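Peer 1: All I have is the shape, not the residue letters:
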């Protein structure tokens, strides 16, 4: 509501992040991570229910035979990596192209891969699909600094101060972030940009709030949004899946997967299902291979059913 005062906790949260940001930017990258590590460990110890839920999810996916030690390790490293991602994003404007190449040795290969797909698309853009692994926002900066037009979409945060801050961090090198809650207007803008040759970065491995596509994922059935596949089909753009992993405190690797090209002659619903299913099957295998890389703490567990059981099964 216009004019309504913001809750005090919103301001406190925003102020705390600003203070941490000022500190981690004042330190060398390695020192900033070393400072945040024990803070992350303390926060992890205090997580309580959220920590137990992450371990439950890991057990559900990895199965009853997975060693308890492996479950606990994956849960902790997933949380620690999230803390390191925050450090990276608070320092994002300090990273130039050379710094990103040091952190991502496959940077040139990844950019060449995208350039080749853009050339193949003949003036159309591409849909770049990534799971919640590694530092997906850093990947966006890499593409932007290479001179390729890239944009993304994100849900609006309840805390308006944090919403603006997160969008500024994500756009640290010029990548524009559209707000997902803008309705048809935002969707049409996304479609227009892809048709004009831009790269659209999307993370499709989260549960849709409303009934959509029922897709096999992580040993269950996930209700996933149509957006990734639908945009690719309507724009005539390829879907380029890849996975980014943090393999050291300040080093990442990229795993590439075969590009998926929409079939203009196919039934649209069937093609949406095919593209979504194939992308998520690759992500499924990658998450199982290195579960510590994925974000297990999302409030909306990807395998939770939606309120209405009207999802369409591929």
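Peer 2: Noted; the coordinates are in hand. Since the model is a prediction, treat every value here as computed from it, not as a measurement.
Peer 1: how about the strands in the chain?
Peer 2: 126-129, 150-154, 176-179, 199-202, 213-217, 220-224, 239-248, 251-256 (DSSP state E).
Peer 1: ok, of those, where does mean pLDDT dip lowest?
Peer 2: Note on the strands of the chain: lowest mean pLDDT is at strand 176-179, with a mean of 83.
Peer 1: worst-scoring helix or strand of this structure, pLDDT-wise?
Peer 2: Counting by mean pLDDT, DSSP states H and E, the chain has its least confident helix or strand at helix 160-170, which shows a mean of 75.
Peer 1: Which neighbouring elements make contact with that one?
Peer 2: Helix 160-170 sits against helix 8-26, helix 68-90, helix 136-145, strand 150-154, with contacts defined as 3 or more CB pairs under 8 Å, 6 or more residues apart in numbering; DSSP states H and E. Placement of C-beta: from N, CA and C, glycine included.
Peer 1: where does the chain have low pLDDT?
Peer 2: 1-5, 170-174, 182, 307-314 (pLDDT under 70).
Peer 1: quick revisit: out of the strands of the chain, deepest packed?
Peer 2: Highest mean neighbour count of these: strand 126-129, a mean of 27 (counted as mean count of other CB atoms under 10 Å).
Peer 1: May I have the strands that pair with it, each with its orientation?
Peer 2: Using DSSP bridges, strand 126-129 pairs in its sheet with strand 199-202 (parallel), strand 239-248 (parallel).
Peer 1: Tell me what angle the longest one forms with strand 251-256.
Peer 2: Using axes from the mean of the first three to the mean of the last three CA atoms, to 10 degrees, the direction of strand 239-248 lies 150 degrees away from that of strand 251-256.
Peer 1: residues in contact with strand 239-248?
Peer 2: For strand 239-248, the external contacting residues (CB atoms under 8 Å, 6 or more residues apart in numbering) are 81, 84, 104, 110, 113-114, 117, 126-131, 133-136, 138-139, 228-229, 232, 252-257, 259-262, 275, 279, 282-283, 286, 290, 293.
Peer 1: in the least confident helix or strand of the chain, what's buried?
Peer 2: Under the neighbour-count criterion of 16 or more other CB atoms under 10 Å, helix 160-170 has 161, 163, 165-167, 169-170 buried.
Peer 1: ok, now stretch 187-205?
Peer 2: Judged by neighbour count using 16+ other CB under 10 Å, the buried positions of stretch 187-205 are 187, 190-191, 193-195, 197-205.
Peer 1: ranking the helices and strands packed on helix 160-170 by burial, who's on top?
Peer 2: Greatest average neighbour count among the helices and strands packed on helix 160-170 goes to helix 136-145 (a mean of 23), per mean count of other CB under 10 Å.
Peer 1: picking up where we left off before, with respect to residue 16, which of the strands of the chain lies nearest?
Peer 2: Judged by CB to CB, the one of those that comes nearest to residue 16 is strand 150-154, at 21.0 Å.
Peer 1: Report the beta-bridge partners for the residue lying closest to residue 221 once chain neighbours are set aside.
Peer 2: Closest residue to residue 221 apart from its sequence neighbours, by CB to CB, 6 or more residues apart in numbering: residue 214 at 5.1 Å. Counting by DSSP bridges, residue 214 is bridged to residue 223.
Peer 1: Residue 214 and residue 150: what is the separation?
Peer 2: Residue 214 is 30 Å from residue 150, where distance means CB to CB, to the nearest Å.
Peer 1: next one: residue 123
Peer 2: Counting by CB to CB, the gap from residue 123 to residue 150 is 16 Å.
Peer 1: Also residue 299?
Peer 2: 27 Å.
Peer 1: And for residue 179?
Peer 2: Taking CB to CB, one finds residue 179 at 17 Å from residue 150.
Peer 1: same deal with residue 240?
Peer 2: Separation of residue 240 from residue 150 (CB to CB): 12 Å.
Peer 1: What are the buried residues along stretch 40-51?
Peer 2: Neighbour count says stretch 40-51 has 40, 44, 51 buried, by 16+ other CB under 10 Å.
Peer 1: Now tabulate those residues in TSV and tack on distance to residue 68.
Peer 2: Output for these, formatted as TSV (distance: CB to CB, whole Å):
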residue	distance to residue 68
40	21
44	17
51	14
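Peer 1: Mark which of those are part of helices, please.
Peer 2: Mapping the buried residues of stretch 40-51 onto helices (DSSP state H) picks out 40, 44, 51.
Peer 1: so which of the residues you listed comes closest to residue 95?
Peer 2: Distance ranking of those against residue 95, using CB to CB, places residue 40 first at 20.7 Å.
Peer 1: need the contact list for the closest residue to that closest one other than its chain neighbours.
Peer 2: Sequence neighbours aside, residue 83 is the residue nearest to residue 40 in space, at 3.7 Å (criterion: CB to CB, 6+ apart). By CB under 8 Å, 6+ apart, the contact list for residue 83 reads 36-37, 39-40, 43.
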